[in-house]
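> sequence and predicted structure are below.
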Amino acid sequence: MSATETSFKPKNSKSKAIFNSSLLEKLSRTHISVPLTIFYVSSAAFVAYGITQTSLSTAVVAGLFVAGFVFFTLFEYVMHRFLFHMAPTNKVKKTIQYSFHGVHHEFPKDKTRLAMPPLLSTALMLTLLGGFYVAIGDYTFGFLPGFLTGYASYLCVHYVVHAFRPPKNIFKVLWVHHGIHHYKDHTVAYGVSSPFWDWVFRTMPKKQA
């Protein structure tokens, strides 16, 4: 059994503490509605700011929004495949891998860990705001809302896939795709909100390729 396989076996129990501190443990959990509210409300505020307080036209903001959304789907795939599933070849990598993602694979039905907790969500958003603004200036107020909306939409899909039975609509395709990643083969099907990049980079499950 390879090093990457040891951390990804689903357990029968529903959850597990990963911190000795009760405070840190509490801060590591959240209800899905909290980060969704943070990202959707912030995205709307950034769009409003971009249209009313910068020289960007509504059409430019809309185009940047779409670009940010699409870019997130690629970002999601790359992070999931190369960071969350990196080989735990040393103690540091093993700790990062397990805390960020391995615990989710062991306890995929733990609804309190299906999204980044509020403090980390807010810190991530502010970091992205600063980083994008340094890189692209006012264009941030079109691109970043699209990126954040992409992330929030990913959270919605991820929650639906793990918290509910297979739906009788388009989400069923995503439910099956992500289910294969969790319960059949964690070396394929890295896309959660969309299987598009799995198709592009040839990591589609064999039966879906």
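Yes, it's here.
> make it CA atoms for all contacts and neighbour counts henceforth
Will do.
> A123: which element?
Per DSSP states H and E, A123 falls inside helix 118-136.
> mind listing the helices for the chain?
For the chain, applying DSSP state H gives helices covering 22-27, 33-53, 58-78, 91-97, 103-106, 118-136, 140-163, 171-183, 196-200.
> lowest mean pLDDT across the ones you listed, which one is that?
Of all those, helix 22-27 carries the lowest average pLDDT, namely a mean of 57.
> for the spatially most distant residue from the centre of the chain, grab phi and psi.
Each residue of the chain has a distance to the centre, and by Cα atoms, centre = their mean the biggest one is for S55: 31.5 Å. Per-residue torsions, S55: phi -80, psi 0 (degrees, to the nearest 10).
> how far away is it from A45?
16 Å (Cα to Cα, to the nearest Å).
> what is the burial count for T149?
23 (other Cα atoms under 10 Å).
> contacting residues for it?
39-40, 43, 69 (Cα atoms under 8 Å, 6 or more residues apart in numbering).
> neighbour count and distance to L155 for those residues - can I get that in TSV?
Shown next, in TSV, are the contacts of T149 (neighbours: other Cα atoms under 10 Å; distance: Cα to Cα, whole Å):
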residue	neighbour count	distance to L155
F39	22	10
Y40	19	11
S43	24	15
F69	22	13
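> nearest to L119 among those residues?
Relative to L119, the closest of the contacts of T149 is F39; by Cα to Cα it sits at 12.4 Å.
> and T89, how many neighbours?
Neighbour tally, T89, other Cα under 10 Å: 10.
> and the pLDDT for it?
76.
> tell me how many other residues crowd G63.
Counted with other Cα under 10 Å, G63 comes out at 15.
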